[in-house]
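S.K.: just a sequence and a predicted model for now, questions to come.
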Amino acid sequence: MDILGLNAYHGDVSAVLVRDGQLVAAIEEERFRRIKHCAGFPDRAIAECLRIGNLQARDVDLFAVSRSPRAHLWRKALFLLRHRPKQTIGDRLRNIASIGKLPARIAASIGVDEHSVRPRMRYVEHHPAHIASAALVSPFDDAAVCSIDGFGDFVSTSWGRLAGSVVHLDRRVFFPHSLGLLYLAVTQYLGFPNYGDEFKVMGLAPYGEPRYVREIESLVNLRDGGMFELDLSYFSHWSDGVQMTWADGEPTIGRVFTPKLEALLGPARRRDEPLEAKHEAIAASLQTAFERAEAHVLRHVYESTKNPRLCLAGGCAMNSVANGKIRENTPFRDVFIQPASGDNGTALGAAFDAWHASSNAPRSFVMEHGYWGPEFDDAAMTSALSEQASAIRSAGCTQRRWADDATLDAWTASQIAAGRVVGWFQGRMEWGARALGNRSIIADPRRADMRDIINTRIKFRERFRPFAPSIALEAIGDYFVGAVPDPFMLQVYPIRPDKRAVVPAVTHVDGSGRLQTVSRESNPRYWNLIKAFERVTGVPMLLNTSFNENEPIVLRPQEALDCFLRTHMDVLVMGRHVVERPVVD
């Protein structure tokens, strides 16, 4: 049975192909459209899933969508009658209309008749899709499950239990109360207005002292049973005036905080104003308050399940700092989070939910790596290089192709050790927000100046933004305190005090690092490069950041080459092809 999972008309639209309970492909539309967090409909991601699966559109058995417009209708109706939020009503009605037209939109996208699509549609509520995206691909036979995000289908938080291939939901927190909305409001207050900017605030937080925790915590009231409520006088998302757009292109959300937040914290920062110590302190305070609130929820989830294993999903599960503290702040001992835990991942959850609901088959798939997108052969790379031959020469670059991987790895490792920045393009595209060693910019973690070099010369972004350490799995205990393997770069742990001076470029200001463990099994190509670097330097680790420059991560060879040429990277390694800028003395 072939199931196409879809996240549509929301942020981070995506498509997933599941065949007989095995994941075949998982792709985000933004990679093709070159628009961050692309909303609308995932036409190109669908086409690529079908291509990777060698599947004709007419042969798709089910189309599983991670939305259910009929979910919680009586709650929605009661809320609207009580509050009558005019702008919100209009936006939501338009979005629901888009979901209602999905069979026709799918049919037009793949070239089949709408009447043949409708009987194959399956609608999976947003939060069950989130939870399924982690629980049904986890290594656990049984576990506690939880999803925390902004909102979807009128829910912001839900939790329950996994038993085999069945998920039981026990409780939900409904609109308008949301920990994701709390983080969004303060993110906007700090002058980061774009969809998805919360990760910037998480990166800023370690630079500040949490002097405003009491003020931030006054925005959310923690209740018994893991519940919570926002003080809605600080928020406008539930009332008039907040515009949300989920049509084709970049998603937008209007300002969700009221003037009362500025009365509490002072004037909001404009995006063009400098970041000051107060902003850093507010970011630190928000992170602390969020971690406490999340721990409040998760401790109850544990008490209600008594299961030490947790499957976590939702946009808030992208908060890698909080994730690294779950075992410290709660009784959970084992945590699984798949690499696209935001709305992109709901396509994955919808597909696996539909598979198990339709087949009653036991689970047979565990997500052990994140490489589920397109890959490109040597001919595609050669073609891209040929098309850009003139630009390569004009930039003073040279080209060569290596005969084997081992000698290329040794040469690349020596270049990194010499302080050069390398664009690394290999294998299948990563699934999720993190570059995991197939579409990465890599550099020497021992160079204290490397973070500033990459942020100012290549990424053209804020100086406070950190970079991740990719470490050989077997060396994790030598460099990190209390860490567990994480191939998806979704947990932050303290770097050992005696190692912080060894790898300063990946050590955040608070002594932590956002860990990615790399094993020979999960990514042999990247692991071999890390080991080659270890042979040169004695350090089994590389600095890793996404291969892009204020855009989605590069997908195709052409985009990798374009990014290399317009920035100040020193070397591009694409398959066995190398493009090298001259060494500057």
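M.R.: Done, it's in. Numbers count the residues shown, from 1 in each chain.
S.K.: Three-state assignment for L6, please.
M.R.: Following DSSP: H, G, I helix; E, B strand; the rest coil, the label given to L6 is strand.
S.K.: what distance do you get for it to D353?
M.R.: According to C-beta to C-beta, to the nearest Å, L6 and D353 sit 12 Å apart. Every residue, glycine included, has its C-beta placed from N, CA and C.
S.K.: so what sits against both of the two?
M.R.: By C-beta atoms under 8 Å, 6 or more residues apart in numbering, L6 and D353 have these common neighbours: A64.
S.K.: which helix of this structure spans the most residues?
M.R.: helix 277-305 (DSSP state H).
S.K.: now it: buried residues?
M.R.: By neighbour count on 16 or more other C-beta atoms under 10 Å, the buried set for helix 277-305 is 279-298, 300-302, 304-305.
S.K.: show me where pLDDT drops low in this protein?
M.R.: Where the chain drops to pLDDT under 70, the residues are 84-97, 240-241, 585.
S.K.: the helices in the stretch 251-400 of the chain, which residues?
M.R.: For the stretch 251-400 of the chain, the helices defined by DSSP state H, counting those that start in this stretch cover 259-265, 277-305, 320-323, 326-329, 346-359, 378-387, 389-394.
S.K.: out of those helices, which gets nearest to H508?
M.R.: In terms of C-beta to C-beta, the element of these nearest to H508 is helix 320-323, at 9.2 Å.
S.K.: which other helices and strands contact the closest one?
M.R.: Contacts defined by 3 or more C-beta pairs under 8 Å, 6 or more residues apart in numbering; DSSP states H and E place helix 320-323 against helix 277-305, strand 491-494.
S.K.: can I get these in a markdown table including distance to G370?
M.R.: Output for these, formatted as a markdown table (distance: least, C-beta to C-beta, whole Å):
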| stretch | distance to G370 |
| --- | --- |
| helix 277-305 | 23 |
| strand 491-494 | 14 |
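S.K.: stretch 249-266: end-to-end distance?
M.R.: Distance between the boundary residues of stretch 249-266 (C-alpha to C-alpha, to the nearest Å) amounts to 33 Å.
S.K.: in that stretch, what counts as buried?
M.R.: For stretch 249-266, the neighbour count (16+ other C-beta under 10 Å) marks 250-253, 255-258, 261, 265 as buried.
S.K.: so who does the residue nearest to R576 when sequence neighbours are not counted touch?
M.R.: Excluding its sequence neighbours, the residue lying closest to R576 (C-beta to C-beta, 6 or more residues apart in numbering) is W402, at 4.6 Å. Counting by C-beta under 8 Å, 6+ apart, W402 touches 408, 411, 576, 578.
S.K.: which two in the residues you listed are spaced the farthest apart?
M.R.: Spatially, the most separated pair among these is W411 and R576, at 10.9 Å (C-beta to C-beta).
S.K.: did I read that right, L182 in a strand?
M.R.: No: residue state for L182 (three-state DSSP) corresponds to helix; a strand is not indicated.
S.K.: contacting residues for it?
M.R.: Residues near L182 by C-beta under 8 Å, 6+ apart: 219-220, 230, 286, 289-290, 293.
S.K.: quick one: the strands in the stretch 351-500 of the chain, in order.
M.R.: Taking DSSP state E, counting those that start in this stretch, the strands of the stretch 351-500 of the chain run over residues 398-401, 422-425, 439-443, 468-472, 491-494.
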